[in-house]
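*Asks:* structure, please.
(chains A, B, C and D)
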Number of protein chains: 2
Amino acid sequence: MGRVAGIKPEIRSIMSTTVAKALALLDFFSDSEPEIGLSELARRSGVDKATVHRMLLVMCDHGLVEKRGAARLYRLGAGVLRLARVRETAFPVSSVFQHSLAILSANTGETAHASLIAGRALATIGVCESNRGSRVSLVAGEILRMHSTASGLVVLAFSKPDIVDRALNEPMVAKTSRTITNTAVLRARLQEIRLTGFADADQTNEDDVYGLAVPVFDVDGTPAGAIAVATPAHRMTNDLRHQVIAALFQEAEKINFGIGGNPPADFRAAVARFSQT
Amino acid sequence: MGRVAGIKPEIRSIMSTTVAKALALLDFFSDSEPEIGLSELARRSGVDKATVHRMLLVMCDHGLVEKRGAARLYRLGAGVLRLARVRETAFPVSSVFQHSLAILSANTGETAHASLIAGRALATIGVCESNRGSRVSLVAGEILRMHSTASGLVVLAFSKPDIVDRALNEPMVAKTSRTITNTAVLRARLQEIRLTGFADADQTNEDDVYGLAVPVFDVDGTPAGAIAVATPAHRMTNDLRHQVIAALFQEAEKINFGIGGNPPADFRAAVARFSQT
DNA sequence: CCTTATGGTTCATTATTATCACCGTTAGTT
DNA sequence: AACTAACGGTGATAATAATGAACCATAAGG
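*Replies:* Numbers count the residues shown, from 1 in each chain, chains lettered A, B, ... in the order given. Presented below is the predicted three-dimensional model:
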């Protein structure tokens, strides 16, 4: 297509650049699939095998990816451990979250998880499963899309308009039959969430999973991520809802304190309204 | 410079590709400098400001990097936390190391650290400082070069010849006045290390720091990384040396067991020889 | 108020990358 | 064992995307 002179520069970063394609490869690795072969990666990313191979070589050189000794599979390399260490010692947020997740899971008896804004999506950085027999078992390390998850929606609801616009303009995959992909409907939901302070997602990201999420904030009052509790959909009752939300609000406050986050006025107002019920 | 038709393909990955340049930016973030500005990154990497900016944008989109809200500085993003989580839950090595580091530090009274092969260098994935007043305080999260550190040398010593060749053919920076950069001398040292099973580095990577390192291995018998103890150079005595090496060998064996590593015959022989002294 | 630093942007040039067809191996099937 | 199909990996060329000098706008500092 060439480069049509004055094309919008933001659009380019969506996919066109080579680094974007290379980094996108990393997103295919998850807890459920920690090792992937060359052809498989090429197929999923839609990029040519030769190209993928060249990019993997470079990433191997930098330790982001490594080749499992004998097998011909690629996996995430030791470099990511180092990077995480550097970030965590400089800005220890992950550890702060972990503590609250344990409490949430214990108090609600359900699976709790936390995620942080990572570029255009949410990165799950911690999970604490309940010890009940029937529970939601999340694929941890997953990337959460903004439009289909409770965490994503609640983050968007308190984000600046330009972030919201960018998110809603992206192609939205219908993860289940209930996923909302209509922009107008989503905007209405965001408005609603801004008033309640929490978001729920009734099987919009995964069948049989009901999610409830509450945002946590940065120093500047913008959302940093979210904490959430996921239950089997059939088990959710009004009572449990109320209990979970209360627990989430409580832990969110602790986390905000721990990471030096400043909840904006509208969120604090929403929490206050909830407490009065 | 163009691309001279049939140029060696391996050489390309050294720097020429764009992804390599982008990923190289990540290496500038460390514990001592967790946030860096655009111009600074451009200066250090030797890449044009505009290019660096474009690459940073892409990496922000993928959550590998993020812009500190108000300040105009970049830092490692939440995406690296997710990646590390994925790798660690699938292949839990970091946690295995951490335990041994605590023991090492306690038993020797000095600072212990562990590193894993990450591409062409070693990535420090764990540090445990001693609680003595005078101790070596490492810049954790640092990238260790193969030629100037005890850990790097001991890893090279038990690596396959092609790995060694590649490492020795790279430009070797003299980190201190004592750093060995001569290829022939280094090869002799590697031969020596293969016989003793450990490597020492007397102020070859940092002034006043004396390092002792021992390798840990992968399932296939190739080195996975190294554990090391660093002391103030003046404090190192023959007695301490012997004690530290014994402790290192002992912990290395535990770690190998923990990560399913198989030490090759020559390493086991070296350990046996040491035990007889 | 002028200087000098910063982060950020643009656009024509050109060097880089994607593509396709191709190898050599491995693994599964008949 | 022969055969097939998939795999990881490679190389040359057409077509693309990266590059970097010059350009703003802003902020800090003298």
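*Asks:* so stretch A:159-175, near DNA strand C or not?
*Replies:* No - judged by C-beta under 7 Å from any atom of the strand, stretch A:159-175 stays clear of DNA strand C, getting no closer than 12.0 Å. Glycine gets a C-beta too; all of them are placed from N, C-alpha and C.
*Asks:* which residues touch that stretch?
*Replies:* The contact list for stretch A:159-175 (C-beta atoms under 8 Å, 6 or more residues apart in numbering or on different chains) reads A:14, A:120, A:145-148, A:156, A:179, A:181, A:183, A:186-187, A:190, A:204-206, A:222-223.
*Asks:* now do 10 Å
*Replies:* Contact with stretch A:159-175 is made by A:10, A:14, A:117, A:120-121, A:145-149, A:152-153, A:155-158, A:179-184, A:186-187, A:190, A:201, A:203-207, A:215, A:221-223, B:61, as judged by C-beta atoms under 10 Å, 6 or more residues apart in numbering or on different chains.
*Asks:* so who does residue A:262 touch?
*Replies:* Contacts of residue A:262 (C-beta under 10 Å, 6+ apart): A:217-222, A:256, A:268.
*Asks:* I meant to write residue A:41 there.
*Replies:* Residue A:41 touches A:24-25, A:28-29, A:47, A:49, A:52-53, A:55-56, A:65, A:73-74, counting by C-beta under 10 Å, 6+ apart.
*Asks:* 7 Å instead?
*Replies:* Counting by C-beta atoms under 7 Å, 6 or more residues apart in numbering or on different chains, residue A:41 makes contact with A:25, A:28, A:52.
*Asks:* go on, residue A:39?
*Replies:* Taking C-beta under 7 Å, 6+ apart, one finds residue A:49 in contact with residue A:39.
*Asks:* so it, which state does it fall into?
*Replies:* The assignment at residue A:39 comes out as helix when based on DSSP: H, G, I helix; E, B strand; the rest coil.
*Asks:* how far away is it from DNA strand D?
*Replies:* Counting by C-beta to the nearest atom of the strand, to the nearest Å, the separation of residue A:39 from DNA strand D is 3 Å.
*Asks:* so what pLDDT did that residue get?
*Replies:* Per-residue confidence at residue A:39 stands at 92 (pLDDT).
*Asks:* quick check: bridge partners of the residue positioned nearest the centre of chain A?
*Replies:* Taking C-alpha atoms, centre = their mean, the centroid of chain A lies closest to residue A:122, which sits 2.3 Å from it. Under DSSP bridges, the beta-bridge partners of residue A:122 are residue A:117, residue A:144.
*Asks:* might one say that it is in contact with residue A:115?
*Replies:* Yes - contact criterion C-beta atoms under 7 Å: residue A:122 and residue A:115 qualify, at 4.0 Å.
*Asks:* so residue A:38 is in contact with residue A:51, correct?
*Replies:* No - under the criterion of C-beta under 7 Å, residue A:38 is not in contact with residue A:51, lying 10.7 Å apart.
*Asks:* okay, buried residues for the helix or strand where residue A:54 lies please.
*Replies:* Applying DSSP states H and E as the criterion places residue A:54 in helix A:49-61. Within helix A:49-61, the residues scored as buried using 16 or more other C-beta atoms under 10 Å in any protein chain shown are A:52, A:54-61.
*Asks:* try stretch A:181-195
*Replies:* Residues of stretch A:181-195 classed as buried by neighbour count (16+ other C-beta under 10 Å): A:186, A:189-190, A:193-194.
*Asks:* mind listing residues that contact that stretch?
*Replies:* A:147, A:153-154, A:156-158, A:164, A:168, A:172, A:174, A:180, A:199, A:266, A:270.
*Asks:* and what of stretch A:252-261?
*Replies:* Applying C-beta under 7 Å, 6+ apart, the contact partners of stretch A:252-261 are A:93, A:96-97, A:100, A:214, A:216-219, A:224, A:227, A:263.
*Asks:* dump the residue contacts of the residue of the stretch 1-150 of chain A found nearest DNA strand D.
*Replies:* In the stretch 1-150 of chain A, the residue that lies nearest DNA strand D is residue A:37 (2.3 Å; C-beta to the nearest atom of the strand). Residue A:37 makes contact with A:72-73, according to C-beta under 7 Å, 6+ apart.
*Asks:* one more time with 10 Å, if that's ok
*Replies:* Here residue A:37 is in contact with A:43, A:71-74 (C-beta under 10 Å, 6+ apart).
*Asks:* what does the stretch 101-250 of chain A have sitting close to chain B?
*Replies:* Counting by C-beta under 10 Å from any C-beta of the partner chain, the positions of the stretch 101-250 of chain A adjacent to chain B are A:115-127, A:140-143, A:166, A:218-222, A:224-225.
*Asks:* tell me the buried residues within these.
*Replies:* A:115-127, A:140-143, A:166, A:218, A:221-222, A:224-225.
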